[in-house]
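J.: predicted coordinates and the sequence they were generated for:
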Amino acid sequence: MLKKMGALCMAALLFAMLLPAAQPVSAATFGDVKNFKQEIQYLTDLKIINGYPDGSYRPEEPILRVQAVMMIMREMGLEMEKIPDPGFSDIRKGDMGYEDVAAASYYELIEGKGSGRFDPKGHMTRGEMSKVLALAYELGGMYPTGFTDVAEGQWTYPYVSALAAHNVTNGYPDGTFRSHVTINREQFTGFMARILNPAFKPYTTAKADSLLENVLDIEMMDVAKHPEQPVFYILDGLTNSLVSFNYETDELDSVELPYRAESLAYAKGKVYVTQHKMNHEYWTGDRKEEGAYAIFDADSLKLIKLWHLALDPYDIEANDEGQVFISGGSNQHTDLTSFDSKTGAILSQQMLYMRAKITLTPNQKNLLVISTAVSPRNLSAFPIVGGLLQLEIRSPYHGVYAMTPDVSVTPDGKYILNGFGNMFSANTMKYLGTLDRPFSAFAVDVASGELHTAFETNLIQSYDYPRLISKDQLVTYGTIHKLFYDEHADELISLTTVRFGKSVYPYLGIETISRGE
């Protein structure tokens with residue numbers, strides 16, 4: 001099937017279909033055109049549409065289904081030779097547009113109306129238009145605001161939603177789409193021009209800068225992204241499962257976990273998940289701590305090993321050598337422990353305050369730690385040599401700067417970013433500067449020099465990186481929880497809480513913003 005072809009042409013139509021020998025007429029000379037003048041001129045210049053010999057465009061005439069198909073095929077320029085008969089009873093070889101209909105059917109761009117009919121001279125409705133465009137150009141995405149007259153169960157729903165998601169249509173001011181209304185030539189021209197050239201898309205505050213690609217019925221507890229593939233690994237609190245989701249193919253797989261999960265990490269084709277057998281407690285008395293961590297194959301989610309622990313695990317990290325690092329969740333002064341995931345052996349331990357968040361630096365030579373259960377928070381680093389944790393190195397600015405209970409490192413390994421907006425050197429933990437606002441999620445596009453942050457709203461603030469100068473703001477449909485930058489697709493990805501229409505039920509939304517546009 002075709003992959004996001006050109007931009008569309010299914011639009012204003014005719015002349016070449018009715019009088020193919022006539023010469024094109026400039027849209028500027030169409031005396032009967034009052035609306036969509038720029039769009040009509042644009043498509044005329046591209047030789048996608050022509051006027052009538054009398055110099056008119058006849059903008060209010062309805063578009064026939066066969067005419068729309070002819071325009072799609074003209075714009076796409078697909079191979080038309082050796083195409084089999086589509087088998088429609090009401091359009092035969094020699095009829096106007098037969099070759100185009102046959103080719104469009106062959107390439108799965110169109111469908112008939114049932115009973116072997118195509119209805120070539122039927123007037124195209126807005127609903128049919130949305131389906132043809134969405135199928136022909138593989139327009140995906142969702143529009144959570146929706147239209148009052150397009151219910152989720154209707155056949156037009158996914159196609160209308162896709163057009164709205166791409167800001168090709170806004171619907172009517174009363175919140176309807178009116179799928180059954182016939183579309184005329186000038187209206188169709190407007191839709192076509194918007195797909196061919198985003199400059200024609202209308203401005204509206206109702207549309208986000210993002211494309212809502214998909215939603216999942218998941219309560220996200222923790223998430224990690226595959227470094228090379230478009231795959232997220234998510235802990236689902238609704239089912240206590242590990243979920244893998246490919247956001248390009250929409251493939252989803254999951255495996256239930258035997259014990260309650262809390263955090264995960266990805267490293268070199270494996271996913272590591274901490275699991276609990278007890279609650280986090282400041283003091284357990286005579287009761288011994290216990291817990292577990294599981295190792296899964298990242299591709300198949302097959303369980304490789306479940307290791308039981310004499311430790312209540314809190315956060316987890318893992319490196320490419322198969323060494324696992326776990327912070328304790330109970331008993332105030334607990335341990336930060338490194339394990340050999342192949343043998344289960346304890347490699348090293350360092351004292352740590354309970355419930356500390358940990359993260360590996362990109363070069364995997366240091367484990368950064370921030371306390372979550374004490375105030376002021378403590379930021380520190382534990383060097384790693386051969387899987388062994390070395391003595392703690394504390395930040396020289398302990399207690400001076402307000403910090404949220406998380407620690408994150410930029411992809412280039414140079415900087416530590418904390419949710420209050422503070423930036424530190426990842427090497428020395430020295431304070432370098434503060435953003436103009438706090439954040440709860442961030443992503444960095446190192447190549448383009450952009451830092452994107454969000455703070456529990458649907459707004460993404462963009463900065464020059466690493467200068468931290470504010471430069472732009474983007475809007476998503478849902479409340480943002482995590483941001484990722486996919487350098488292969490050149491997309492900013494936001495994991496959000498999304499609600500549809502007037503429903504209060506929360507879904508996990510996957511929204512993308514193409515940085516190449």
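T.: Received it, and whenever you're ready, just let me know what you need.
J.: so which helix or strand of the chain has the lowest pLDDT on average?
T.: helix 65-76 (a mean of 84; mean pLDDT, DSSP states H and E).
J.: which element follows it toward the C-terminus?
T.: Counting by DSSP states H and E, the next helix or strand C-terminal to helix 65-76 is helix 98-106.
J.: quick one, that next one and helix 65-76 angle?
T.: Here the directions of helix 98-106 and helix 65-76 differ by 80 degrees (axes from the mean of the first three to the mean of the last three C-alpha atoms, to 10 degrees).
J.: off-centre distance for the helix or strand that helix 98-106 is followed by?
T.: The helix or strand immediately downstream of helix 98-106 is helix 126-136, counting by DSSP H and E. Centroid separation between helix 126-136 and its chain, computed with C-alpha atoms, centre = their mean, to the nearest Å, is 23 Å.
J.: report all helices and strands that the helix or strand following helix 126-136 contacts.
T.: Of the helices and strands lying after helix 126-136 in sequence (DSSP H and E), the nearest is helix 157-165. Where contact means 3 or more C-beta pairs under 8 Å, 6 or more residues apart in numbering; DSSP states H and E, helix 157-165 is packed against helix 126-136. Placement of C-beta: from N, CA and C, glycine included.
J.: buried residues, the helix it packs on. List them.
T.: Buried residues in helix 126-136, defined by neighbour count with 16 or more other C-beta atoms under 10 Å: 126, 127, 128, 129, 130, 131, 132, 133, 134, 135, 136.
J.: other SSEs contacting it?
T.: Short answer (3+ C-beta pairs under 8 Å, 6+ apart): helix 126-136 packs on helix 65-76, helix 157-165, helix 185-196.
J.: one step back: list the helices and strands the least confident helix or strand of the chain packs on?
T.: Under the contact criterion of 3+ C-beta pairs under 8 Å, 6+ apart, helix 65-76 touches helix 98-106, helix 126-136, helix 185-196.
J.: out of these, flag the one nearest residue 274.
T.: helix 126-136 (42.4 Å; C-beta to C-beta).
J.: just want the angle from that closest one to helix 185-196.
T.: Here the directions of helix 126-136 and helix 185-196 differ by 30 degrees (the same axes, to 10 degrees).
J.: got the angle for helix 126-136 vs helix 157-165?
T.: 80 degrees.
J.: just checking, residue 233 touches residue 246?
T.: No. Residue 233 lies out of contact with residue 246 (C-beta atoms under 8 Å); the separation is 10.9 Å.
J.: who has more neighbours, those two?
T.: Under the criterion of other C-beta atoms under 10 Å, the comparison of residue 233 against residue 246 puts residue 233 first, with 22 against 14.
J.: next one: the more buried one from residue 64, what distance?
T.: Between residue 233 and residue 64 the computed distance is 50 Å (C-beta to C-beta, to the nearest Å).
J.: so where is this structure shaky, pLDDT-wise?
T.: For the chain, applying pLDDT under 70 flags the ranges 1-29, 515-517.
J.: now the residue of the chain positioned farthest from its centre: which helix or strand?
T.: Relative to the centre of the chain, the most outlying C-alpha is that of residue 54, 48.9 Å out, by C-alpha atoms, centre = their mean. Counting by DSSP H and E, there is no helix or strand that carries residue 54.
J.: do you know how far it is from residue 41?
T.: 19 Å.
J.: then residue 378?
T.: On the measure of C-beta to C-beta, residue 378 and residue 41 end up 65 Å apart.
J.: save the helices and strands packed on helix 65-76 as a markdown table, and put in distance to residue 343 too.
T.: Listed next are these as a markdown table, based on distance: least, C-beta to C-beta, whole Å:
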| stretch | distance to residue 343 |
| --- | --- |
| helix 98-106 | 58 |
| helix 126-136 | 53 |
| helix 185-196 | 58 |
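J.: mind checking these for the one nearest to residue 250?
T.: Nearest to residue 250, of all the helices and strands packed on helix 65-76, is helix 126-136, at 15.5 Å by C-beta to C-beta.
J.: CA atoms only: put the closest one into PDB for me.
T.: Taking Å, rounded to 0.1, in the frame of the first residue of the first chain, the C-alpha atoms of helix 126-136 are listed here in PDB:
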ATOM      1  CA  ARG A 126     -18.400  15.200   2.900                       C
ATOM      2  CA  GLY A 127     -18.300  11.800   4.500                       C
ATOM      3  CA  GLU A 128     -17.200  10.100   1.300                       C
ATOM      4  CA  MET A 129     -14.700  12.800   0.700                       C
ATOM      5  CA  SER A 130     -13.100  12.200   4.100                       C
ATOM      6  CA  LYS A 131     -12.800   8.500   3.500                       C
ATOM      7  CA  VAL A 132     -11.300   8.800   0.100                       C
ATOM      8  CA  LEU A 133      -8.700  11.300   1.200                       C
ATOM      9  CA  ALA A 134      -7.800   9.400   4.400                       C
ATOM     10  CA  LEU A 135      -7.400   6.100   2.600                       C
ATOM     11  CA  ALA A 136      -5.600   7.600  -0.400                       C
END
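J.: what sits up against that helix?
T.: 2, 5, 8, 10, 65, 68-69, 72, 76, 104, 108-111, 124, 139, 155-156, 158-160, 162-163, 168-169, 177-183, 188, 191, 195 (C-beta atoms under 8 Å, 6 or more residues apart in numbering).
J.: nearest residue to residue 249 in space, please, no chain neighbours.
T.: Leaving aside its sequence neighbours, residue 249 sits nearest to residue 230 (C-beta to C-beta, 6 or more residues apart in numbering; 8.0 Å).
J.: can you get me a residue count around the one you found?
T.: Residue 230 has 17 nearby residues by other C-beta under 10 Å.
J.: in terms of contact, does it touch residue 491 like I think?
T.: No. Using C-beta under 8 Å, residue 230 is not in contact with residue 491, being 9.0 Å away.
J.: wait, which of the helices and strands packed on helix 126-136 is closest to residue 514?
T.: Across those, closest to residue 514 is helix 157-165 (C-beta to C-beta), at 13.1 Å.
J.: CA atoms of stretch 200-215 as PDB?
T.: What follows is stretch 200-215, C-alpha atoms only, in PDB (Å, rounded to 0.1, in the frame of the first residue of the first chain):
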ATOM      1  CA  PHE A 200      -3.800  26.900   3.200                       C
ATOM      2  CA  LYS A 201      -4.800  25.200   6.500                       C
ATOM      3  CA  PRO A 202      -7.000  27.500   8.600                       C
ATOM      4  CA  TYR A 203      -5.700  28.800  11.900                       C
ATOM      5  CA  THR A 204      -7.800  27.700  14.900                       C
ATOM      6  CA  THR A 205      -7.000  27.400  18.600                       C
ATOM      7  CA  ALA A 206      -9.100  24.200  18.700                       C
ATOM      8  CA  LYS A 207      -6.300  22.300  17.000                       C
ATOM      9  CA  ALA A 208      -3.100  21.300  18.700                       C
ATOM     10  CA  ASP A 209       0.300  21.500  17.200                       C
ATOM     11  CA  SER A 210       0.600  17.700  17.800                       C
ATOM     12  CA  LEU A 211      -0.900  14.800  16.000                       C
ATOM     13  CA  LEU A 212      -2.700  12.400  18.300                       C
ATOM     14  CA  GLU A 213      -1.500   9.100  16.800                       C
ATOM     15  CA  ASN A 214      -3.100   6.700  19.200                       C
ATOM     16  CA  VAL A 215      -4.600   6.200  22.600                       C
END
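J.: which parts of it are buried?
T.: So, applying 16+ other C-beta under 10 Å, buried residues of stretch 200-215: 200, 201, 207, 208, 209, 210, 211, 212, 213, 214, 215.
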